[in-house]
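Engineer: Dropping the sequence and predicted coords here.
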Amino acid sequence: MSVDRLQDKIRKMKNPIVVEFNLGREDIPSEFYQEDAFFPSAYERYCKQLLDGLKDYVPAVRFSLNRASVYGPEGIIALKELLRYASKAGYYVLLDGPSAMSAEDAEQAAQCLMGEDWKFDALVITAYIGSDAIRPYAQLTEAQKRSLFVVARSANRSCQEVQDLRTGARLVYQAMADVISRFGQGKTGKSGYASVAAVGAANASDALRFLREKYKYQFLLVDGYDAPNANAKNCANAFDQLGHGAAVCAGRSVTAAWKEDPWTQADYIQAAQDASLRMKKNIMRYVTIL
């Protein structure tokens, strides 16, 4: 199963970091615009250099279909090339899929994304319209030995307006976690974790603790390491006693680390490598991967 490959990579590298390549125009050094001012071209070239520089530092990377699609066909072409490039470089590759507003939307998107020209190991989706958004993806990812990550608790500021509300004896994100869990039943691999996994938030330690304690077989993608109030101590709640069962996702704190220190702006790859090492060191203060 695909989630087994992710767990294996994490164990071999003793590193649970996923680097997210959601970059804005201002996050890419100006030199990449000198040859071609069009953002998708600059984005593709910059990401390829970072992928080359980080392949011995982190086991997994993440891209977004929604981000790419706002730039039209060129954005999608660049995304497909980066997915291919990252896969060839040996990364475990996650792709954020499109939001579905109906069962038909989810079915059509799943059929499209499971084609041979989309190179990824796992898909990340939101499913707050209910199980209609999960079912077609779960069926196809299982058939293709890929994994599916479904958002239970997100890291954005306003998520509490909905996800932390009480519904009966549960909070809303807990109800979503129950839905996700049902799709993962009977789909555990050799790692002991199911191919249908959940996404939690690095700034919501109670939610991570709840998810880890209740769903022993559910792999957790801890999102939003860059978010306000997120920290490595919070993230530790997502791991089991062996330091397994979770990965932690960071974005601009790694990919745009060159912006933080004027001395590193000339070497954006070194800045990203250093940032990933600092992140790993912080997490390993609280987690030991056996």
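Structural biologist: On my side now, so go ahead. This structure is a prediction, so every number in the text was calculated from the model and none was measured.
Engineer: CA atoms for contacts and neighbours, from now on please.
Structural biologist: Noted.
Engineer: where in this structure is pLDDT low?
Structural biologist: Low-confidence segments of the chain (pLDDT under 70): 1, 262-266.
Engineer: what about the residue most central in space within it, is that helix, strand or coil?
Structural biologist: When C-alpha atoms, centre = their mean is applied to the chain, the residue found nearest the centroid is Arg62 (5.1 Å). Using DSSP: H, G, I helix; E, B strand; the rest coil, the structure places Arg62 in strand.
Engineer: Test my guess that Asn156 contacts Tyr225.
Structural biologist: No: using C-alpha atoms under 8 Å, Asn156 is not in contact with Tyr225, being 11.1 Å away.
Engineer: who has more neighbours, these two?
Structural biologist: Set side by side, Asn156 and Tyr225 show more neighbours around Tyr225, with 24 against 13, by other C-alpha atoms under 10 Å.
Engineer: before we move on, back to that, please report the distance of the residue nearest to the centre of the chain from Tyr193.
Structural biologist: According to C-alpha to C-alpha, to the nearest Å, Arg62 and Tyr193 sit 20 Å apart.
Engineer: Repeat that for Asp206.
Structural biologist: Distance from Asp206 to Tyr193, by C-alpha to C-alpha: 21 Å.
Engineer: Which one of those two is surrounded by more residues?
Structural biologist: Taking neighbours as other C-alpha under 10 Å, Asp206 and Tyr193 compare with Tyr193 leading, 26 against 13.
Engineer: Val199 belongs to a strand, doesn't it?
Structural biologist: Yes: when classified by three-state DSSP, Val199 is found to be part of a strand.
Engineer: check contacts around it.
Structural biologist: The neighbourhood of Val199, defined by C-alpha atoms under 8 Å, 6 or more residues apart in numbering, consists of Phe149, Val150, Val151, Ala152, Arg153, Ser154, Leu220, Leu221, Val222, Asp223.
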